[in-house]
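Q: Please find the sequence and the predicted model below.
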Amino acid sequence: MKKEQCPICYTELEVIECAPCHDCGHLELELKHFKEDLHKYTIYEVYKGLKLQLCDFCDVDFGSYKSAYLGFKDNRRIGYEHFAFVSEVESPALEKDKFCPECQQRLKFLNFLRDLREMIQHEAAAK
C-alpha cells in the first residue's frame, strides 16, 4: 500500500475519522460537537474558485488565519465577508480523511492551503 505524504511538509499522513468541517473536523472536540448536533456545515468559495466545507464556527473565525500562513505577503486576510455561499450540507456525516501529525490539519484543508498558496504565488509573479 502506497503511503501518502502531506502536500505542505511531506510528513506521512495518517487516516482518522473526521467531522464534516474541513478546518476543525479532525479535532476530538469537533467530533463530540458533531455527535451532539451543535453545528451546521456550509460549502463556500473562499478564494477565486477554491472551496471549503466549514462549520458555523470556522466560517466566521477563518479571518483569524495570519496572512503569511495562507501565502499572502501583504497582510491580506480572507474573512467570512469575502466568502461566496455555494450550498448548505444537507446530510452531514462523519468521514475518514488523512491527517498530518506535523501540520495538525486534515488533508482536505492541506490541499486547499497548498492550492491557495500556489494561486497567490502565481498572482504575485504575474504582477
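A: Looks like it arrived, so ask away.

Q: What average pLDDT does the top helix by length along the chain get?
A: Determined from DSSP state H, the single longest helix within the chain is helix 107-126. Helix 107-126 shows a mean pLDDT of 95 in the predicted model.

Q: Show me what it packs onto, helices and strands only.
A: strand 41-47, strand 50-55, helix 67-70, strand 95-100 (3 or more CB pairs under 8 Å, 6 or more residues apart in numbering; DSSP states H and E). Placement of C-beta: from N, CA and C, glycine included.

Q: at 7 Å instead, please
A: Here helix 107-126 touches strand 50-55, strand 95-100, going by 3 or more CB pairs under 7 Å, 6 or more residues apart in numbering; DSSP states H and E.

Q: tell me the most buried of those strands?
A: With neighbours taken as mean count of other CB atoms under 10 Å, these reach their highest mean count in strand 50-55, at a mean of 22.

Q: Render the CA-only coordinates of stretch 77-88 in CSV, please.
A: The C-alpha trace of stretch 77-88 is given here as CSV (Å, rounded to 0.1, in the frame of the first residue of the first chain):
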residue,chain,number,x,y,z
ARG,A,77,-6.8,38.2,5.2
ILE,A,78,-9.7,36.2,3.9
GLY,A,79,-12.7,36.7,6.2
TYR,A,80,-16.3,35.5,6.1
GLU,A,81,-17.3,38.7,4.4
HIS,A,82,-15.3,37.6,1.3
PHE,A,83,-16.8,34.1,1.1
ALA,A,84,-19.3,33.2,-1.6
PHE,A,85,-22.0,30.8,-0.5
VAL,A,86,-22.2,27.6,-2.5
SER,A,87,-24.6,25.3,-0.6
GLU,A,88,-25.5,24.0,2.8
